[in-house]
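Colleague: 3D, please:
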Amino acid sequence: MNFNDVARGSAFFVLNRITFSGTSCSGGYSQRAFEGRFTDSSIKRAEAISNLLQDVKITNLDYSDVLNAEGDDVFIYLDRMLKLTQS
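Modeller: This next block holds a predicted model:
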């Protein structure tokens, strides 16, 4: 399946709302999450925030590339890597 950016983002949003862990790589489908988290209001909130993100650049780069990039009024959030463990 070949998704464009909008389809990929939409798929991630849906999977985030209806799975146990909130990600598509683990957990699994949850009817309770589907009924409680994938709601009209969650879709409306996602739509409303899109206007706030018009000039936002989201990257998936090495931290040194991000820290050394030029820019004015830059906010940087560095999310730490999580150690994956096998059960």
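Colleague: what segments of this protein are helices?
Modeller: Under the criterion DSSP state H, the chain carries helices at the ranges 5-18, 31-37, 40-52, 63-68.
Colleague: need these in a markdown table with mean neighbour count, mean pLDDT and distance to Tyr77, can you?
Modeller: All C-beta spots, glycine's among them, are computed from the backbone N, C-alpha and C. Converted to a markdown table, the helices of the chain look like this (neighbours: other CB atoms under 10 Å; pLDDT from 0 to 100; distance: least, CB to CB, whole Å):
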| stretch | mean neighbour count | mean pLDDT | distance to Tyr77 |
| --- | --- | --- | --- |
| helix 5-18 | 14 | 79 | 18 |
| helix 31-37 | 12 | 77 | 23 |
| helix 40-52 | 10 | 83 | 15 |
| helix 63-68 | 10 | 85 | 10 |
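Colleague: nearest to Val74, of these?
Modeller: Nearest to Val74 among these is helix 63-68; the distance by CB to CB comes to 9.0 Å.
Colleague: which strands and helices sit next to the closest one?
Modeller: With contacts defined as 3 or more CB pairs under 8 Å, 6 or more residues apart in numbering; DSSP states H and E, helix 63-68 has no helix or strand neighbours.
Colleague: pull that helix out as CSV, backbone CA atoms only.
Modeller: Extracted as CSV, the C-alpha positions of helix 63-68 are listed here (Å, rounded to 0.1, in the frame of the first residue of the first chain):
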residue,chain,number,x,y,z
TYR,A,63,19.6,15.7,17.1
SER,A,64,22.8,17.3,16.0
ASP,A,65,21.3,18.2,12.6
VAL,A,66,18.3,19.8,14.4
LEU,A,67,20.4,21.7,16.9
ASN,A,68,22.8,23.1,14.3
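Colleague: can you list the residues that contact it?
Modeller: By CB atoms under 8 Å, 6 or more residues apart in numbering, the surrounding residues in contact with helix 63-68 are 59, 76, 78.
Colleague: make it 10 Å
Modeller: Outside of helix 63-68, the residues within contact range by CB atoms under 10 Å, 6 or more residues apart in numbering are 57, 59-62, 74, 76-78.
Colleague: so which of these comes closest to Ser41?
Modeller: Comparing those against Ser41 with CB to CB places Tyr77 closest, at 25.1 Å.
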